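Student: build the 3D model from these lines:
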Amino acid sequence: MRYLGVADNIAELANLVAEGQEFEQMVGSFIDHNKHLVKKGLGAEAASNFQFPPPLLANKVEQGDVEDCFLAAMTEKLFQDWALGDPPKWIAEPCRFLNRPHFSIQTRYVDYLEKLRRISPEPFRKRNLFYTEKVLDRC
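Tutor: Take a look at the predicted model:
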């Protein structure tokens with residue numbers, strides 16, 4: 001079922017972002033919708049919403065390469081957290097890994113950046129994405 005402002009699947013989410021929708025808003029709504037499905041015992045339906053590879057955003061939107069990697073890390077982490085089984089194979093594609101580190105915040109404080117390197121969830125860390133451990137938490 002389609003809800004206003006919520007992508008039906010992760011491929012549609014990426015398409016909407018490529019068309020100009022706000023990445024963070026689309027991701028947040030998508031997480032909320034799928035978390036609701038899992039809580040209702042519809043984990044298989046939630047898992048199916050991640051199966052189709054999202055089109056790449058690199059060279060389409062600013063920070064598109066980061067967002068491509070974020071979607072893969074998010075998918076892997078949610079499959080772990082929600083016990084959805086094996087994540088889809090597309091998350092392991094080389095284009096879903098950054099060659100350079102990306103931090104959730106720009107700061108001169110090296111100690112904080114090192115802290116992010118330590119606490120970032122593993123699916124993010126292995127893709128060179130460094131966020132807090134609560135990166136996917138919602139209010």
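Student: quick one, phi psi at residue 76?
Tutor: phi -60, psi -40 (degrees, to the nearest 10).
Student: the one 3 residues further on now?
Tutor: Dihedral pair for residue 79: phi -60, psi -40, per degrees, to the nearest 10.
Student: for it, what are its contacts?
Tutor: By Cβ atoms under 8 Å, 6 or more residues apart in numbering, residue 79 lies in contact with 47, 50, 85-87. No exception for glycine: its C-beta is placed from N, CA and C like everyone else's.
Student: what sits up against the lowest-mean-pLDDT helix or strand in the chain?
Tutor: Lowest on mean pLDDT, DSSP states H and E among the helices and strands of the chain sits helix 110-119, with a mean of 83. The contact list for helix 110-119, computed with Cβ under 8 Å, 6+ apart, reads 101, 103-105, 107, 125, 130-133.
Student: show me what contacts residue 43?
Tutor: 37, 82-84 are the contacts of residue 43 under Cβ under 8 Å, 6+ apart.
Student: which two of the residues you listed have the greatest separation?
Tutor: Spatially, the most separated pair among the contacts of residue 43 is 37 and 83, at 13.3 Å (Cβ to Cβ).
Student: from the contacts of residue 43, list just the buried residues.
Tutor: Neighbour counting by 16 or more other Cβ atoms under 10 Å classes 37, 82, 84 among those as buried.
Student: which of these sits closest to residue 54?
Tutor: residue 84 (16.8 Å).
Student: those helices in the protein, which residues are they?
Tutor: In order along the chain, the chain carries the following helices (DSSP state H): 10-18, 23-39, 43-48, 64-81, 110-119, 122-125.
Student: which of the ones you listed sits closest to residue 96?
Tutor: helix 64-81 (3.7 Å).
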